[in-house]
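Asker: Okay, sequence plus prediction incoming.
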Amino acid sequence: MEGIKVNQIGVSFKGIGSYVPDQVLTNQKISQKVDTSDEWIKSRTGISERRISRLEDNVTEMGYEAALNAIEMANWDIKTIDLIVLATSTPNDLFGSAPSIQAKLGAYNAVAFDLTAACSGFLFALITATQFLKGGSFKRAIVIGADQLSSFVDWNDRRSCILFGDGAGALAVEATNEFDNFIGFDMRTDGERGSFLNLPSTNNKDSIIDNIDFLSGGFSPIQMNGQEVYKFAVREVPIILEKLFRNTNYSSDEVDWLVLHQANQRILDSVGDRLKIPREKILSNLEKYGNTSAATIPLMMDEAIRNNRIKHNDIIATSGFGAGLSWGAALIKWG
Ligand code: UT7
């Protein structure tokens with residue numbers, strides 16, 4: 001890792017990739033498990049189906065596949081990668097899954113670590129990585145969002161189990177002293193409202209030896225107050241994006257694409273309406289994948305870039321939001 005030290009001004013986006021498990025869970029299939037219907041789920045969320053991990057699709061495997069796709073698009077020698085940041089809330093190793101992705105890639109010169117911020121995770125990881133690049137410490141970074149929420153969903157809770165799916169996405173970002181395609185960002189946390197969406201640890205008391213207790217580790221399924229999370233998202237996301245537009249001297253008219261965390265089609269439409277961004281500029285693939293937590297934003301961007309919808313120099317306004325509560329926004333130019 002040598003970094004670049006002179007005239008450091010910005011970053012450019014060199015590659016993108018994604019991965020989803022091949023196991024498909026349709027609304028129709030869910031309605032055989034809980035009291036719901038394809039019609040209810042589609043009209044309330046926009047989701048038709050989601051992908052569910054098999055044994056071989058853990059966060060390391062999904063993140064690795066997504067990263068490899070991004071590296072191939074960037075055409076990078078793997079040994080030149082300096083930094084890997086993995087946004088995940090569901091690592092297959094609580095000590096971190098990023099190192100196992102680094103090893104699988106053979107990216108031996110990269111420092112690799114996990115970052116947890118639930119559905120805001122990818123955006124927070126992207127912001128973190130760009131600060132290292134702009135500061136001159138590192139030259140090439142892979143930012144990954146990968147989650148396997150299917151392992152933590154209560155599959156008997158119809159109010160939440162319909163929303164989530166598994167997947168991964170990754171972005172290859174490079175420091176450059178020629179221009180800056182990371183135009184601006186903002187991020188927020190409100191822990192006071194954290195109880196609206198949790199994946200809490202369980203505290204089962206056990207005993208090591210006489211009079212010395214310990215709490216065995218484990219997690220209880222996702223607990224969500226859907227209405228409160230919905231209200232939070234449709235209120236805070238337009239506010240943070242409007243502030244970002246003001247601070248960067250951009251207007252919503254100049255945005256080519258709005259790429260929001262894929263939580264609910266009604267949230268996407270409502271945010272777009274408030275910002276006066278027309279529906280054709282709001283990217284959505286919720287129908288196929290549901291809410292894949294930290295993976296949604298790069299998964300959506302990968303699809304749109306490979307389909308040639310997002311083109312070189314297009315302006316993308318993006319926002320992640322969710323548990324914490326946490327939320328953030330970034331304005332980027334693709335390329
Ligand atoms: O990354 C962030 C992750 N979280 C979110 O994005 C959650 C944001 N919130 C939402 O997307 C929506 O609140 C939900 C999709 C979760 C729920 O939609 P809603 O329009 O807010 O429904 P609701 O909770 O107000 O429930 C309305 C009715 C209730 O019945 P009653 O009490 O009116 O008789 C629910 O019991 O719909 C019922 N209901 C369902 N019915 C059929 C709740 N879930 C279901 C279901 N199928 N799956």
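Answerer: Here it is on my side, so go on. The model shown is predicted, which means the values in this text are computed figures rather than measured ones. Residues are numbered from 1 along each chain as shown.
Asker: my read: residue 181 touches residue 12, true?
Answerer: Yes - between residue 181 and residue 12 there is a contact under CB atoms under 8 Å: 5.0 Å. All C-beta atoms are positioned from the backbone trio N, CA, C, and that covers glycine.
Asker: Please parse the chain into its domains.
Answerer: Listed by automatic domain parsing, the domain ranges of the chain are 10-178, 183-193+222-333.
Asker: measure stretch 71-80 end to end?
Answerer: This stretch, stretch 71-80, spans 11 Å end to end (CA to CA, to the nearest Å).
Asker: Show me the contact partners of that stretch.
Answerer: Stretch 71-80 has contacts (CB atoms under 8 Å, 6 or more residues apart in numbering) with 14-17, 81, 105-109, 139-140, 142, 172, 174.
Asker: so what's residue 111 bridging to?
Answerer: Taking DSSP bridges as the rule, residue 111 bridges to residue 83.
Asker: what's the burial count for it?
Answerer: 18 (other CB atoms under 10 Å).
Asker: secondary structure class for the residue most central in space within the chain?
Answerer: With distances taken as CA atoms, centre = their mean, the residue of the chain nearest its centroid is residue 294 (2.4 Å). Put simply, residue 294 is helix when judged by DSSP: H, G, I helix; E, B strand; the rest coil.
Asker: What of residue 126?
Answerer: Put simply, residue 126 is helix when judged by three-state DSSP.
Asker: Could you tell me how many residues sit around it?
Answerer: Applying other CB under 10 Å, we find 29 residues neighbouring residue 126.
Asker: Can you tell me how far it is from residue 87?
Answerer: According to CB to CB, to the nearest Å, residue 126 stands 8 Å off from residue 87.
Asker: okay, and the common contacts of the two?
Answerer: In terms of CB under 8 Å, 6+ apart, residue 126 and residue 87 are both contacted by the residues residue 143.
Asker: re earlier: for the domains of the chain, which one sits closest to residue 209?
Answerer: Closest to residue 209 of these, according to CB to CB: domain 10-178, at 24.3 Å.
Asker: tell me the mean pLDDT over the closest one?
Answerer: Mean per-residue pLDDT for domain 10-178: 97.
Asker: thinking again about what came up before, overlap of the contact sets of residue 181 and residue 12?
Answerer: Common neighbours of residue 181 and residue 12 (criterion: CB under 8 Å, 6+ apart): residue 335.
Asker: tell me the mean pLDDT for the longest helix seen in the chain?
Answerer: When the chain is parsed with DSSP state H, its longest helix is helix 226-248. Helix 226-248 carries an average pLDDT of 98.
Asker: Show the contacting residues for the nearest residue to residue 275 once chain neighbours are set aside.
Answerer: Excluding its sequence neighbours, the residue lying closest to residue 275 (CB to CB, 6 or more residues apart in numbering) is residue 252, at 4.7 Å. Residue 252 makes contact with 241, 242, 245, 275, 276, 277, 317 under the criterion CB under 8 Å, 6+ apart.
Asker: Local confidence estimate at the fifth one?
Answerer: It refers to residue 276. Here the pLDDT value assigned to residue 276 is 97.
Asker: That one falls within a strand, correct?
Answerer: No - the assignment for residue 276, made by three-state DSSP, is coil rather than a strand.
Asker: Which members of the contacts of residue 252 are the farthest-apart pair?
Answerer: Farthest apart among the contacts of residue 252 by CB to CB are 276 and 317. That separation is 12.2 Å.
Asker: Great, nothing more from me.
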